[in-house]
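# Just a sequence and a predicted model for now, questions to come.
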Amino acid sequence: MDNASYHSKFMNKAPTDSSKTSQIIQWLTENKIPHDPSLMKVELLCLVKLNKHNQVFCTDEMALEKGHEVLRLPPYHSHLNPIELIWSQLKSSIRSQNSNANQTLPRIDAVARGETEAINADYWKKTYSSHQKDRRGIYKKDIVVDHLIESFAIDISEDTSDSEYSKDD
């Protein structure tokens with residue numbers, strides 16, 4: 001799932017700098033995070049920041065209740081989501097069938113409904129298959145990049161003597 005705001009509503013949203021101290025204390029208490037209520041607001045917010053990884057998305061919880069796990073896409077990587085291909089193709093088809101001369105709401109509605117009906121199970125399978133092939137290609141490139149980075153990494157844990165390097169190096 002991508003990180004669109006409508007997919008990313010928190011069940012236990014962490015307080016922010018603009019939250020009241022009482023709200024921060026309530027959040028810490030509800031999330032069973034040890035704290036001293038007499039701390040200053042800035043100190044309480046530090047505790048929030050250290051523990052906000054405990055936040056749960058509503059959509060993730062709903063999926064979990066049905067036996068599914070949500071895997072969230074990294075930010076700005078919507079190309080890893082197969083539905084983005086479908087949306088892109090759908091919008092392109094609608095756009096190509098609408099010129100400025102016949103851009104009426106009933107016309108756009110008819111074209112959109114026709115294009116949406118064309119998206120059947122076979123269309124999804126074909127798009128998903130293409131998407132999986134693209135993802136495998138991305139993963140292969142990622143592995144190559146990881147290997148290249150590792151070959152340039154310097155192990156600083158090895159003990160080097162001062163005689164190996166001069167001040168002029």
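Yep, that arrived. Predicted, not measured: the structure shown is a model, and the values here were computed from it.
# Surely residue 110 forms part of a strand?
No. Residue 110 is assigned helix when assessed by DSSP: H, G, I helix; E, B strand; the rest coil, not a strand.
# number of nearby residues for it?
The local packing of residue 110 (other C-beta atoms under 10 Å) involves 12 other residues. To be clear about C-beta, it is placed using only N, CA and C from the backbone, and glycine gets the same treatment.
# low-scoring stretches of this protein, by residue?
Scanning the chain for pLDDT under 70 picks out 54, 99, 102, 153, 155, 157-169.
# That one - how does it break down into domains?
5-65, 78-152 (automatic domain parsing).
# export these to a markdown table and tack on distance to residue 71?
Listed next are those as a markdown table, based on distance: least, C-beta to C-beta, whole Å:
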| stretch | distance to residue 71 |
| --- | --- |
| domain 5-65 | 10 |
| domain 78-152 | 10 |
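# hey, which of these is tucked in deepest?
For those, average neighbour numbers computed from mean count of other C-beta atoms under 10 Å are highest in domain 5-65, which has a mean of 13.
# on that earlier part again, and residue 72, which of the domains of the chain is closest to it?
Closest approach to residue 72 among the domains of the chain is made by domain 5-65 (8.2 Å; C-beta to C-beta).
# Select the longest helix from the chain.
Determined from DSSP state H, the single longest helix within the chain is helix 121-152.
# Which strands and helices lie in contact with that one?
If you count contacts as 3 or more C-beta pairs under 8 Å, 6 or more residues apart in numbering; DSSP states H and E, helix 121-152 packs onto helix 82-96.
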